[in-house]
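Colleague: Any chance you can model this:
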Amino acid sequence: MKHILLIDALVEILGGFILIFNPHFLLSNPSPELQGVVISKLYGITIFGFGIVSYLLYKNFAFTILYKQILLLIIALHFAIGLYMYGVFQQSLTPHVGATITHIGLAVIFVLIYLKNSQKFEDGKPIAWIIKNL
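Modeller: Predicted coordinates:
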C-alpha cells in the first residue's frame with residue numbers, strides 16, 4: 001500500500017515540475033495561448049503539491065481507515081483524470097492519448113495493489129485513535 005503513495009508522489013512531483021517549466025506539454029500544443037500557459041502552470045503547481053503530500057503520507061503510512069480513504073481517493077482521481085483526458089483527446093484538443101493511458105494505467109495498477117492488501121486495514125478505529133497516532 002505504501003507503494004501506491006510513493007509511486008503517486010514520484011509521478012505527481014515529476015509531472016508538476018515538468019508542467020511548471022514546460023506548460024505546452026499539458027495538451028502537447030507547441031504554441032499555447034496565454035490562458036493555456038497560466039492554467040497549465042497552475043495545474044503543475046497543484047499536482048507538485050499533491051505529490052509532496054503523497055510523499056509525506058508515504059513516510060508516515062499506517063493501515064488505518066484514514067489512509068484507506070486517501071488511497072481510494074488517489075485511485076479515483078487518476079481514473080477521473082484519465083477519463084477526462086480521453087474526452088480531451090476525442091475532441092482533438094490533444095494529439096495523443098498519453099495522459100489517458102498514464103492515468104488509467106496508474107488507476108488499474110493502484111487498484112490491483114489495493115485489492116491485494118485491503119484486508120490489512122484496521123477498520124472500525126475511532127477517529128480519536130487515528131488522530132492520536134498520527
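
Colleague: Tell me the buried residues in stretch 61-70?
Modeller: 61, 63-68, 70 (16 or more other C-beta atoms under 10 Å). All C-beta atoms are positioned from the backbone trio N, CA, C, and that covers glycine.

Colleague: What is the end-to-end distance of it?
Modeller: This stretch, stretch 61-70, spans 11 Å end to end (C-alpha to C-alpha, to the nearest Å).

Colleague: ok now it, how far from the chain's centre?
Modeller: What separates the centre of stretch 61-70 from the centre of its chain is 16 Å, taken as C-alpha atoms, centre = their mean, to the nearest Å.

Colleague: same check, this time on stretch 97-114
Modeller: Computed by C-alpha atoms, centre = their mean, the chain-centroid distance of stretch 97-114 equals 10 Å.

Colleague: neighbouring contacts of it?
Modeller: 1, 3-4, 7-8, 11, 28, 71-72, 74-76, 78-79, 81-83, 85-86, 88-89 (C-beta atoms under 8 Å, 6 or more residues apart in numbering).

Colleague: Could you verify my assumption that residue 121 touches residue 63?
Modeller: Yes: between residue 121 and residue 63 there is a contact at 4.9 Å, judged by C-beta atoms under 8 Å.

Colleague: which stretches of the protein have low pLDDT?
Modeller: Flagging of the chain using pLDDT under 70 yields the residue ranges 123-134.

Colleague: List the contacts of residue 89.
Modeller: Residue 89 makes contact with 96-97, 100 under the criterion C-beta under 8 Å, 6+ apart.

Colleague: 6 Å instead?
Modeller: Contacts here follow C-beta atoms under 6 Å, 6 or more residues apart in numbering; on that basis residue 89 touches residue 97.

Colleague: Next SSE downstream of the helix or strand hosting it?
Modeller: Taking DSSP states H and E as the criterion, residue 89 maps to helix 65-90. Next along the chain after helix 65-90, taking DSSP H and E as the criterion, comes helix 98-117.

Colleague: Next, the buried residues of that next one.
Modeller: Using 16+ other C-beta under 10 Å as the test for burial, helix 98-117 gives 99-100, 102-104, 106-107, 110-111, 113-114.
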